[in-house]
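S.K.: sequence first, predicted coordinates after that:
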Number of protein chains: 2
Amino acid sequence: MTSDGRPERGDGPGRVSRPGRRSGHTEPYTLASLVEVAARAFNERGYDATSMEDLSRAAGITKSSFYHHVSGKEALLRAALDRALDGLFGVLAEPGAVSGEPVDRLRHIVRRQVEVLVTELPYVTLLLRLRGNTETERWALARRREFDQTIAGLVAAVRDDVDPVVAARLLSGTVNSLIEWYRPGRMPTADLVEAVDRQVFEGLLR
Amino acid sequence: MTSDGRPERGDGPGRVSRPGRRSGHTEPYTLASLVEVAARAFNERGYDATSMEDLSRAAGITKSSFYHHVSGKEALLRAALDRALDGLFGVLAEPGAVSGEPVDRLRHIVRRQVEVLVTELPYVTLLLRLRGNTETERWALARRREFDQTIAGLVAAVRDDVDPVVAARLLSGTVNSLIEWYRPGRMPTADLVEAVDRQVFEGLLR
DNA sequence: CGTCGCCGAACGATCGTTCGGTCGGACTGG
DNA sequence: CCAGTCCGACCGAACGATCGTTCGGCGACG
């Protein structure tokens, strides 16, 4: 943005060309692109601490223009959560997750879940930090619980000598915790998958 | 609180006895007790989504009275974070954490960390959800990073065939994730300690 | 009689959202 | 080809609501 904090357009400095349609056809403000901007900002400062002014500035337009493209703040959150949940439930629908030995299905899900966390990092991060304040958040939390219960069922089939609910929660906790520190590009996804797999199934003591 | 949403005092309905000093000497509004109320509320709705009105209502007094005991919202957060960090660093100072074989020291810290998470649950939860928006939050995050690095050093001494930084982060993720689901009283702390210990060090496949 | 705990009312700031209007390209009929 | 019309992208300004915080006063107790 400009030094005085005002949004900046893609064309030259000092706003040489007038507003209105951008010259040529540079990237339009699609809903998906604005959701991406919003998800990134929500993760940096938190949903409540991020104002619509912040979002519109990050998108490069004014607040009122921003409302021309999106219906409101909560709609942005909902779209981001939708994307995260679609990715996670997509894993559960894969062949490797629905057939085979329980231990193999669990391993497949864990490894693929790591990959989804990486590719959909901003959206899943949002999902995992929900507090359930609004109806939208509670709906997403309910779907997330559904996902977790599927995993808990598989854990129960793999081990019956430990509390499957606790074990499943610790498992999910391990996998999901990578949103706190993993940043794309710093480490090959395959290495991350391997590290999580080994730590989860073999533990720290080889 | 009362049905019309107004704060409710300890004495009978309809506010029979007058405000001012409570009769006898029922619990005073100490800073610690208000911090406890605040931490609980912050965790339920999130720090930004929790208003001072919410906090004062939960404490049973009006917003302006609340300010008679507390200097501001951020001071409450700081006090809560202080308590959490004191608990965690206290573990690092224990004899079992400073001497002995690295693997034993690590095991001691993990088990004691679980116990601290349980006893100081609301405060540690707050600590683990920080975004770093204010100076107070960044200070707490820096101290927390200090704690994590100590653990990373021990992990590196225990295993040199895996990336110690990644392994340490997954370890912390597993331990810390219990704030998301553990609620006191539902399960003996000793059982929880045992479950975390086994999952962390032995993994899911015995 | 002073002080302490408490209160209602109000402060300025900022929030999410709405509104009226301007500008410029796309489309249309002649 | 051109005048006329339309429409979508954009903007500044303002809305009511709510935020954290402050202030002046009141009533009871030591």
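M.R.: That came through fine. Numbers count the residues shown, from 1 in each chain, chains lettered A, B, ... in the order given.

S.K.: can you give me the neighbour number for residue A:136?
M.R.: When neighbours are defined as other Cβ atoms under 10 Å in any protein chain shown, residue A:136 has 16 of them. For the C-beta atoms, the positions are set from N, CA and C on the backbone; glycine is no exception.

S.K.: next up, the contacts around it.
M.R.: Going by Cβ atoms under 8 Å, 6 or more residues apart in numbering or on different chains, residue A:136 touches A:74, A:77-78, A:81.

S.K.: just put the residues you listed in JSON lines and tack on secondary structure and distance to residue B:67.
M.R.: Listed next are the contacts of residue A:136 as JSON lines, based on DSSP: H, G, I helix; E, B strand; the rest coil; distance: Cβ to Cβ, whole Å:
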{"residue": "A:74", "secondary structure": "helix", "distance to residue B:67": "31"}
{"residue": "A:77", "secondary structure": "helix", "distance to residue B:67": "32"}
{"residue": "A:78", "secondary structure": "helix", "distance to residue B:67": "36"}
{"residue": "A:81", "secondary structure": "helix", "distance to residue B:67": "36"}
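
S.K.: can you pull out the helices in chain A?
M.R.: A:31-45, A:52-59, A:63-69, A:73-92, A:95-98, A:102-119, A:121-128, A:135-158, A:164-176, A:189-202 (DSSP state H).

S.K.: what does the domain assignment say about chain A?
M.R.: Chain A resolves into domains spanning A:31-70, A:80-202 when parsed by automatic domain parsing.

S.K.: hmm, stretch A:151-166 in reach of chain B?
M.R.: Yes: for stretch A:151-166, a contact with chain B is found by Cβ under 8 Å from any Cβ of the partner chain, at A:155, A:158-159, A:162-163, A:166.

S.K.: will you turn the residues you listed into TSV that also has neighbour count?
M.R.: Shown next, in TSV, are these (neighbours: other Cβ atoms under 10 Å in any protein chain shown):
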residue	neighbour count
A:155	25
A:158	21
A:159	16
A:162	19
A:163	17
A:166	21
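
S.K.: picking up where we left off before, can I get the helices of chain A in a markdown table with distance to residue B:174 and mean pLDDT?
M.R.: Output for those, formatted as a markdown table (distance: least, Cβ to Cβ, whole Å; pLDDT from 0 to 100):
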| stretch | distance to residue B:174 | mean pLDDT |
| --- | --- | --- |
| helix A:31-45 | 22 | 95 |
| helix A:52-59 | 34 | 96 |
| helix A:63-69 | 40 | 96 |
| helix A:73-92 | 19 | 98 |
| helix A:95-98 | 22 | 98 |
| helix A:102-119 | 13 | 97 |
| helix A:121-128 | 15 | 98 |
| helix A:135-158 | 14 | 97 |
| helix A:164-176 | 4 | 97 |
| helix A:189-202 | 8 | 96 |
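
S.K.: format those as CSV; extra columns: distance to residue B:187.
M.R.: CSV is the format used below for these (distance: least, Cβ to Cβ, whole Å):
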stretch, distance to residue B:187
helix A:31-45, 32
helix A:52-59, 41
helix A:63-69, 47
helix A:73-92, 27
helix A:95-98, 29
helix A:102-119, 23
helix A:121-128, 22
helix A:135-158, 15
helix A:164-176, 7
helix A:189-202, 21
